[in-house]
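K.L.:
Give me coordinates for this.
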Amino acid sequence: MRSSKLVALACGTFVAAMVSLAPTEVSAQAASAAAMREAANTFLAALTPVQRAEATMYFDHGERFNWNESPGPRLGVVFRELTDSQQQLAMDLLRASVGEAGYHKIRMSIAREPVLSAMQRTPRGAALRAPDLFYIAVFDTPSATEPWGWRFEGHHISANFTVHGDRISNTPFFIGAQPNDLSADMPDAERQAANKIPAELAARMMPEEEDKARALLQSLDASQRAIAVVTQAEPYGNGTSGGRQADMLTGINNMQTTPLDSPGLLGAQMTTAQKAMLVDLVEEYLTRMPDDVAAERRSRLLAGDAADAIAFRWHGSIESGEAHNYTIQGPTFIIEYAQSRGDAVGHIHTTIREFEGDFGLDFDTQ
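P.N.:
This is a model prediction of the structure:
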C-alpha cells in the first residue's frame, strides 16, 4: 500500500462517532467513553484474525506503558497493512479519542513525514519516515465496565488512552512536528515533498502554542522574568528514565514523570491579565481533546483559583526563530513544549503528562 495512504485518508471527511451527553447525572466524559468504545469495537471487528492478533494485547501487558515518539516499528497492527475501509475505521477511532482540533494536529504532523524522508541521508532513515508507518494497539476488549486502553503511535505521535467505565485518561500525549514551517527555505527534494502536502495540512504547526507562550513571557516584568526564565544548561529526561531524551525535561518512554524542582513563575505571582494569558495557554492544549474530556480537565485543573498554583517556566530565546522551550506545571500535571533540539528551531516536541494519572494509574480498577 502506498506510503501516502494515511495522508490521503486523513484529508477525507469522516463522520465522528459521537454520543450526545445525557442529563447531568451522566459522567462528564460518558460521551467520549462510549464513542471510543464503539469505534474501537467496530475497528477490531473489521480486522482479520491475524490482524486482530497483532493489534490486541491484554490490559496489563508491559507494552501498554512502552510509549515512544521515534520512528520505527512497534507492537500492534501497522497502518500500511490495513485495507482502505480498515484504515478509515482506525482514523474514526483516533478522531473520537482526540477531538477535531487534536485530530487536525495529528494529521498535520503525519503529513510532514515525506519531507522528513527526503531529509534523510540513508535509505533506512528515509524508509522509517513514512505517513503509513503508524501502529494501532488495543489493550483488552473495549468494555463499558472493565478497564481497557488503546494507542496510536509512530514518529512524532504517541497518543495513549485508558478507559474505565466513563473515566478517560489520555496521557502521555505527545505530538511533534518537523518541519514546523513548510514555507521556510529547504533543499529541492524536501521542497518537492512539501509542495505535495494539501494546503489544509501545510500551515505552520502549533502556532498558538508558541505565540501565546511568548506573549506571556514578553508581558512579564524584570522581577517576574528572574523567576520564570531559566538561563543555565540542565540535563534532560526528568522522571524515572533519566538522561537526555529528545530534549524533553519530562522524559520519553517513562511510565511516570516527576515535578520540576524549580517550576517557574506561579499564577499567584502574575497580574490578572497575565494569569488570563496563562489559562488561555493551558486551554490551547485542551483543544487536543474531545469537548467533554476537555471540559472535565478544565473543571479539575482551572476552576476557581486553581491557576494560582500553576507555574510557567521558559528556557532559551524570547525571539521568534531561535531555540526555546517552556513548561506549564500544576499540582497534578505538566505540559512541555520544546523547540530547541540541537539548539535549532523548526523541530517541535510537545507533551501533556499527569504525575499520578498517566495510563490511568490513578484509576481504581479493583
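K.L.:
just checking, what packs against the longest helix along the chain?
P.N.:
For the chain, the helix with the greatest residue count under DSSP state H is helix 84-111. If you count contacts as 3 or more CB pairs under 8 Å, 6 or more residues apart in numbering; DSSP states H and E, helix 84-111 packs onto helix 5-10, helix 30-46, strand 148-154, strand 157-164, strand 173-177, helix 291-301. Any C-beta I mention is one placed from the backbone N, CA and C, and that applies to glycine too.
K.L.:
Direction included, what does the helix or strand following the last one pair against?
P.N.:
What it means is helix 291-301. Remark: after helix 291-301, the chain's next helix or strand is strand 311-316, criterion DSSP states H and E. Sheet pairing for strand 311-316, assigned by DSSP bridges, gives strand 229-230 (parallel), strand 265-266 (antiparallel), strand 324-329 (antiparallel).
K.L.:
and of the ones you listed, who's closest to Asp291?
P.N.:
strand 324-329 (21.1 Å; CB to CB).
K.L.:
Do me a favour and average the pLDDT over the closest one.
P.N.:
Strand 324-329 shows a mean pLDDT of 96.
K.L.:
Identify all contacting residues around that strand.
P.N.:
With contact meaning CB atoms under 8 Å, 6 or more residues apart in numbering, strand 324-329 is reached by 213-214, 217, 247, 249-250, 259-260, 263-264, 278, 281-282, 285, 310-318, 334-340, 345.
K.L.:
mind listing what the closest residue to Ser32 other than its chain neighbours touches?
P.N.:
With CB to CB, 6 or more residues apart in numbering as the criterion, Ser32 has its nearest non-adjacent residue at 4.3 Å, and that residue is Pro290. Shown in contact with Pro290 (CB under 8 Å, 6+ apart): 18, 31-32, 35, 96-99.
K.L.:
Pull the most distant pair out of the residues you listed.
P.N.:
Between any two of the contacts of Pro290, the greatest separation by CB to CB is 14.0 Å, found for Ala31 and Val98.
K.L.:
ok, those two, which is more surrounded?
P.N.:
The neighbour count for Ala31 versus Val98, taken as other CB atoms under 10 Å, is higher for Val98 (25 against 21).
K.L.:
Can you report how many residues lie near the closest residue to the more buried one other than its chain neighbours?
P.N.:
Computed as CB to CB, 6+ apart, the closest residue to Val98 that is not its neighbour in sequence is Arg288, at 5.9 Å. Arg288 has 22 neighbours, counted by other CB under 10 Å.
K.L.:
now the helices for the stretch 151-300 of the chain?
P.N.:
For the stretch 151-300 of the chain, the helices defined by DSSP state H, counting those that start in this stretch occupy 188-195, 207-219, 222-228, 272-286, 291-301.
K.L.:
How about residues contacting the second one?
P.N.:
With contact meaning CB under 8 Å, 6+ apart, helix 207-219 is reached by 225, 228-229, 273-274, 277-278, 280-281, 284-285, 312, 314, 318, 320, 324, 326, 337, 339, 348, 350.
K.L.:
So this structure: which segments form each domain?
P.N.:
5-201, 207-360 (automatic domain parsing).
K.L.:
so where is the stretch 201-350 of the chain shaky, pLDDT-wise?
P.N.:
Low-confidence segments of the stretch 201-350 of the chain (pLDDT under 70): 233-246, 342-343.
K.L.:
80 instead?
P.N.:
For the stretch 201-350 of the chain, applying pLDDT under 80 flags the ranges 232-247, 340-344.
K.L.:
As TSV, the helices and strands packed on helix 84-111 with distance to Leu361 would be great.
P.N.:
What follows is the helices and strands packed on helix 84-111, written out as TSV (distance: least, CB to CB, whole Å):
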stretch	distance to Leu361
helix 5-10	30
helix 30-46	18
strand 148-154	11
strand 157-164	8
strand 173-177	15
helix 291-301	16
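K.L.:
Please identify which of the ones you listed is closest to Ile110.
P.N.:
It's helix 5-10; of the helices and strands packed on helix 84-111, that one is closest to Ile110 (CB to CB) at 5.7 Å.
K.L.:
could you give the mean pLDDT of that closest one?
P.N.:
Per-residue pLDDT over helix 5-10 has a mean of 50.
K.L.:
try stretch 83-103
P.N.:
For stretch 83-103, the mean confidence score works out to 98.
K.L.:
and that stretch, how far from the chain's centre?
P.N.:
Mean-position distance between stretch 83-103 and its chain equals 15 Å (CA atoms, centre = their mean, to the nearest Å).
K.L.:
2 is where my numbering starts, stick with that
P.N.:
Sounds good: first residue 2 from here, last item stretch 84-104.
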